[in-house]
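S.K.: 3D model of this:
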Amino acid sequence: MLNSDQTEIDLPPTHSESESVFSDCGGGRGGSTEDAGGVGLCTQSRVAEPGEGVKKDLQHLSREERRRRRRATAKYRTAHATRERIRVEAFNMAFAELRKLLPTLPPDKKLSKIEILRLAICYISYLNHVLDV
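M.R.: You can find the predicted model right below:
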């Protein structure tokens with residue numbers, strides 16, 4: 001609790017990223033930091049926080065433009081490339097598993113992905129026909 005002699009400057013700052021610690025001196029009580037025994041830190045100019053200029057630049061951009069800029073960073077590109085490699089590897093492993101289940105002559109014949117899919121369709125159709133007969 002604050003007593004009558006204390007001000008908000010004695011408390012730890014509880015400000016959001018968009019406002020400065022010194023933006024409201026005296027807590028709206030009409031006093032300045034010098035009136036409260038401070039060292040006169042209160043000024044009309046705002047103290048810029050790190051990265052604030054970038055945030056202001058991005059605020060006026062559309063959502064799509066902010067997304068494009070974020071995707072243009074090296075960190076995002078490397079993370080995306082890693083995810084894509086994992087996805088393609090899983091995709092190729094699934095085709096390899098499917099390929100093992102399909103009968104072909106010769107059995108080790110290399111097939112493209114579209115050939116594997118078409119052969120799988122034909123093989124499933126054949127198996128359905130065998131079950132119906």
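
S.K.: can we go C-alpha only for contacts and neighbour counts from here?
M.R.: OK.

S.K.: Flag the shaky bits of this structure, pLDDT-wise.
M.R.: Applying pLDDT under 70 to the chain flags the ranges 1-58.

S.K.: can you map out the helices along it?
M.R.: 52-59, 63-71, 74-101, 113-132 (DSSP state H).

S.K.: so can I have TSV of those helices showing distance to P107?
M.R.: Putting those into TSV (distance: least, Cα to Cα, whole Å) gives the following:
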stretch	distance to P107
helix 52-59	58
helix 63-71	44
helix 74-101	9
helix 113-132	13
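
S.K.: I'd like these laid out as CSV, including mean neighbour count.
M.R.: What follows is the helices of the chain, written out as CSV (neighbours: other Cα atoms under 10 Å):
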stretch, mean neighbour count
helix 52-59, 11
helix 63-71, 12
helix 74-101, 12
helix 113-132, 12
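
S.K.: got the contact list for K110?
M.R.: By Cα atoms under 8 Å, 6 or more residues apart in numbering, no residues touch K110.

S.K.: again, but for S112
M.R.: Residues counted as contacts of S112 (Cα under 8 Å, 6+ apart): none.

S.K.: Quickly note the distance from it to R118.
M.R.: Distance check for S112 against R118: by Cα to Cα, to the nearest Å, it reads 10 Å.

S.K.: same thing with L101?
M.R.: Distance, L101 to R118, by Cα to Cα: 13 Å.

S.K.: cool, and F95?
M.R.: 12 Å.

S.K.: go on, D108?
M.R.: Distance from D108 to R118, by Cα to Cα: 17 Å.

S.K.: what does T73 give?
M.R.: On the measure of Cα to Cα, T73 and R118 end up 40 Å apart.

S.K.: same question, A72
M.R.: 39 Å.
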